[in-house]
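**Student:** Sequence first, then the predicted structure:
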Amino acid sequence: MSLIVMKFGGSSVGDAERMNRVANRIVERKLEGNQIVVVVSAMGDTTDDLIDLAEKIAPETPSAREMDMLLSTGEQVSVALLSMAIHKLGHQAKSFTGWQVGMITEAVHGKARISDIRPERVHTALDQGNVVVVAGFQGMTEDGEITTLGRGGSDTTAVALAAAIKADLCEIYTDVDGVYSTDPRVVKVARKLNEISYDEMLELANLGAAVLHPRAVEYAKHYNVNLVVRSSFTKNEGTLVKEEAVMEQGVVVRGIAYDKNVARISILGVEEKPGQLAKVFNALADQKIDVDIIVQSGVRDGAADFSFTVSLSDADKAISVIEGIKSSVGFKEATSETDLVKVSIVGAGMVSNPGVAAKMFDTISSLGVSINMVSTSEIKCSCVIGSVHLQDVVRALHTAYDLDTDNQAYVGGPSERR
Ligand code: ADP
Ligand code: ASP
Ligand code: MG
């Protein structure tokens, strides 16, 4: 008998019919002789709808604590309904919130990290013959406060729980057939990967590939969880995420990711004196603003320009932090731009291939698109460009790195996403 964690995302349980279909899928897996723990997300666009609602009530500063209280309700609806759907098929199931299964997190609202899992109730309910249905995306601090794990965080609930209960397998069921060379909704000839290494997947996820939450991949790597991404709409084989993946010969770039959640902050005319960068980035760090790509221009007439990227939701806060230290830093102006996207190529084989980044720049410039910022590492190269060019650039890069397949990528689920 195997112990399997099956995770279903929001679009897989978007309405009652899909909920019933998922219940069938779970029961099939149980009848194969497995013990099943299910992790489920909020139905369809529920989380976005709840955020919209909160913005209507408190447009300026919704309390982070109350936001978590609100958003955690979405998953709670799903677990109760899914358990009922399993009961209807004549099988025992029991739903649990994150805190009921001992999902303990650090005391940070909105993007809490899991600090401990005390899954005694999962084991008890399994021993009693239940399918255990757990709400994703949520936890509780040691002080009993409800937290959420960040957008897309149900993947992390699933993988972390799989590690904690020593599951044999963790299956992430979603609305595409697996992990592709890029988002199959943007490039129709994207290539489905049979396997991908934890490191490459982590890089793709960190750079915006929504198919897996980055922290889920971190967990999988750390605890060596057998992880599969597959479709909840088809029976097709999915993608295995594992320590070492077999590379197709000659493949240097494995995948292309993009991130729309990017704002560029520029500080212009910064007085040239030692310690300026440190002042700016310490002030941002004090306010928990994560900074990604940083560029400093050469000094002209005793002044320099800095620019850096932050997530869209931090853009206004970053500007007010910088305005707050204007007198001590000394600069002309601070601006933010939000119509940008970061496009990245990823591949373990890039280290030993010096021409890879050059090809990226050539491909983008041959479309007449300017590159605003660049960042590279051994395994990736990222360019920030205007968001209107996203589709053209991703498609051209996909072709340039020989990633196109002859087959149209199969997309099992609905394409109407927010
Ligand atoms: P779920 O609701 O199941 O958690 P998500 O929307 O979070 O689903 O993730 C699945 C989506 O990720 C797909 O619909 C697809 O558009 C997007 N995606 C982005 N990059 C990739 C990729 N490289 N491979 C597969 N899907 C990707
Ligand atoms: N419901 C949450 C979200 O929409 C968590 C998840 O789907 O994984 O981000
Ligand atoms: Mg997701």
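**Tutor:** Received, thanks. Ligands and ions are numbered 1, 2, ... in the order given.
**Student:** which residues in the protein form helices?
**Tutor:** Assigned by DSSP state H, the chain shows helices spanning 16-31, 46-57, 64-88, 120-127, 154-164, 198-206, 214-223, 276-286, 315-324, 326-329, 355-366, 390-400.
**Student:** Could you check the angle the fourth one makes with helix 154-164?
**Tutor:** Between the direction of helix 120-127 and that of helix 154-164, the angle (axes from the mean of the first three to the mean of the last three C-alpha atoms, to 10 degrees) works out to 80 degrees.
**Student:** Which parts of stretch 180-189 count as buried, going by neighbours?
**Tutor:** 180, 181, 182, 183, 184, 185, 186, 187, 189 (16 or more other C-beta atoms under 10 Å). Any C-beta I mention is one placed from the backbone N, CA and C, and that applies to glycine too.
**Student:** From the chain's centroid, how far away is that stretch?
**Tutor:** Chain-centre distance of stretch 180-189: 16 Å, with C-alpha atoms, centre = their mean, to the nearest Å.
**Student:** Tell me the residue of this protein that sits nearest ligand 1?
**Tutor:** Ligand 1 sits closest to residue 9 of the chain, with a gap of 1.9 Å, by C-beta to the nearest ligand atom.
**Student:** I'd say that residue and residue 41 touch.
**Tutor:** Yes - applying C-beta atoms under 8 Å as the test, residue 9 and residue 41 come out as touching, 5.0 Å apart.
**Student:** How about stretch 138-151 and ligand 2, any contact?
**Tutor:** Yes - Stretch 138-151 is in contact with ligand 2 by C-beta under 6 Å from any ligand atom, via residue 151.
**Student:** Spatially nearest residue to the residue of the stretch 51-200 of the chain found nearest ligand 3 (excluding sequence neighbours)?
**Tutor:** Taking C-beta to the ion, ligand 3 has its nearest neighbour within the stretch 51-200 of the chain at residue 152, 4.1 Å off. Nearest residue to residue 152, sequence neighbours excluded (C-beta to C-beta, 6 or more residues apart in numbering): residue 213, at 4.2 Å.
**Student:** Got the confidence number for residue 327?
**Tutor:** You'll see residue 327 listed with a pLDDT of 94.
**Student:** Use 724 as the first number from now on
**Tutor:** Understood, numbering begins at 724; the last thing we discussed is residue 1050.
**Student:** What is the burial count for it?
**Tutor:** Look at residue 1050: counted by other C-beta atoms under 10 Å, it has 7 neighbours.
**Student:** That one and residue 1121, how far apart?
**Tutor:** As judged by C-beta to C-beta, to the nearest Å, residue 1050 and residue 1121 stand 48 Å apart.
**Student:** hang on, the earlier thing: check contacts around the residue of the stretch 774-923 of the chain closest to ligand 3.
**Tutor:** 933, 935, 936 (C-beta atoms under 8 Å, 6 or more residues apart in numbering).
**Student:** With distance to residue 895 added, can I get the helices of the chain in TSV?
**Tutor:** Formatted as TSV, the helices of the chain follow (distance: least, C-beta to C-beta, whole Å):
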stretch	distance to residue 895
helix 739-754	13
helix 769-780	17
helix 787-811	15
helix 843-850	18
helix 877-887	6
helix 921-929	11
helix 937-946	8
helix 999-1009	33
helix 1038-1047	31
helix 1049-1052	45
helix 1078-1089	29
helix 1113-1123	23
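**Student:** Deepest-packed of those helices, please.
**Tutor:** helix 877-887 (a mean of 28; mean count of other C-beta atoms under 10 Å).
**Student:** near ligand 1 at all, that one?
**Tutor:** No - on the criterion C-beta under 6 Å from any ligand atom, helix 877-887 is out of touch with ligand 1, staying 6.5 Å away.
**Student:** Tell me which other helices or strands that helix touches.
**Tutor:** strand 726-731, strand 758-763, strand 826-828, strand 837-840, strand 854-858, strand 892-897, helix 937-946 (3 or more C-beta pairs under 8 Å, 6 or more residues apart in numbering; DSSP states H and E).
**Student:** tell me the angle of that helix relative to helix 921-929?
**Tutor:** Using the same axes, to 10 degrees: helix 877-887 against helix 921-929 is 150 degrees.
**Student:** ok, and does helix 877-887 reach over to ligand 2?
**Tutor:** Yes - against ligand 2, helix 877-887 shows contacts by C-beta under 6 Å from any ligand atom at residue 877.
**Student:** Return that helix as CSV; C-alpha atoms alone will do.
**Tutor:** Taking Å, rounded to 0.1, in the frame of the first residue of the first chain, the C-alpha atoms of helix 877-887 are listed here in CSV:
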residue,chain,number,x,y,z
SER,A,877,-1.2,25.2,-1.7
ASP,A,878,1.6,23.4,-3.7
THR,A,879,3.8,24.0,-0.7
THR,A,880,1.2,22.7,1.7
ALA,A,881,1.1,19.5,-0.4
VAL,A,882,4.8,18.9,-0.7
ALA,A,883,5.5,19.9,3.0
LEU,A,884,2.8,17.6,4.2
ALA,A,885,4.1,14.8,1.9
ALA,A,886,7.5,15.2,3.5
ALA,A,887,6.1,15.3,7.0
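**Student:** Many thanks, have a good one.
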